[in-house]
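Student: sharing a sequence plus its predicted fold:
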Amino acid sequence: MKPFLILFAVLLFSVFALPGQTLRADGVKVGGLMIMHPWARASAGEAKVGAVYLTVVNNSSKLDRLIMVGTDRGGKAALHNHVMKSGVMMMETAGPIEIKPGDRVKFKPGGLHVMLSGLKSPLRKGELFKLRLSFENAGKASVDVKVMSVGAKSAHEGHN
Ligand SMILES: [Cu+2]
């Protein structure tokens, strides 16, 4: 390789190796918000329900709220949270979800989630579908949700 080509290769590598770049490629930006790692667990057996998890980062100086969710996967989508009631873990509807300036709100198994019910068919591992989100200030966003295995704990199973 000519010295010029080597220099070019090194430059190219350092651009793609910047952590900030990977993060940006991984998220969907809407207004001052960034929506990261949307994923769902595969439905158990033939159950036509599912849960979506994601992280919302507020890079703006304004408080925002997630007010509505929707999906093209059929059925309905709702904001849910898990709460302990007399020692029993239960789900209840949640929202609007506040995302304070500089804050990061994480939807995760056992906590906040987007509940999907009445799906056209059960969610299967490897599938992708659209989730729509409406924020009070940032407006509307659409993200691709990746379906992971039934027992997955994050969007990065197998990468740990
Ligand atoms: Cu739920």
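Tutor: Perfect, I can see it now. Source: prediction; values computed, not measured.

Student: low-confidence ranges in this protein?
Tutor: Low-confidence segments of the chain (pLDDT under 70): 1-26, 157-160.

Student: can we see that at 80?
Tutor: In the predicted model of the chain, residues 1-26, 154-160 satisfy pLDDT under 80.

Student: up against the ion, what does it have?
Tutor: Counting by C-beta under 5 Å from the ion, the residues of the chain close to the ion are 80, 91, 115. (Each C-beta comes from the backbone N, C-alpha and C, glycine too.)

Student: any idea which element the last one lies in?
Tutor: Translated: M115. Take DSSP states H and E as the rule and M115 turns out to sit in strand 113-117.

Student: who are the packing partners of that strand?
Tutor: With contacts defined as 3 or more C-beta pairs under 8 Å, 6 or more residues apart in numbering; DSSP states H and E, strand 113-117 has these neighbours: strand 50-58, strand 76-85.

Student: run me through the strand neighbours of it, direction for each.
Tutor: Sheet pairing for strand 113-117, assigned by DSSP bridges, gives strand 50-58 (antiparallel), strand 76-85 (antiparallel).

Student: how about the helix or strand just after the last one, which residues are buried there?
Tutor: Downstream of strand 76-85, the first helix or strand assigned by DSSP H and E is strand 88-93. Residues of strand 88-93 classed as buried under the neighbour-count rule (16 or more other C-beta atoms under 10 Å) do not occur.

Student: so what's the gap between strand 88-93 and the chain middle?
Tutor: Put simply, strand 88-93 sits 21 Å off its chain's centre (C-alpha atoms, centre = their mean, to the nearest Å).

Student: all the strands of the chain, residue numbers only.
Tutor: 27-30, 33-41, 50-58, 64-71, 76-85, 88-93, 97-99, 104-106, 113-117, 128-135, 139-148 (DSSP state E).

Student: save those strands as a markdown table, and put in distance to A155 too.
Tutor: Converted to a markdown table, those look like this (distance: least, C-beta to C-beta, whole Å):
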| stretch | distance to A155 |
| --- | --- |
| strand 27-30 | 12 |
| strand 33-41 | 4 |
| strand 50-58 | 8 |
| strand 64-71 | 17 |
| strand 76-85 | 18 |
| strand 88-93 | 21 |
| strand 97-99 | 19 |
| strand 104-106 | 11 |
| strand 113-117 | 13 |
| strand 128-135 | 12 |
| strand 139-148 | 7 |
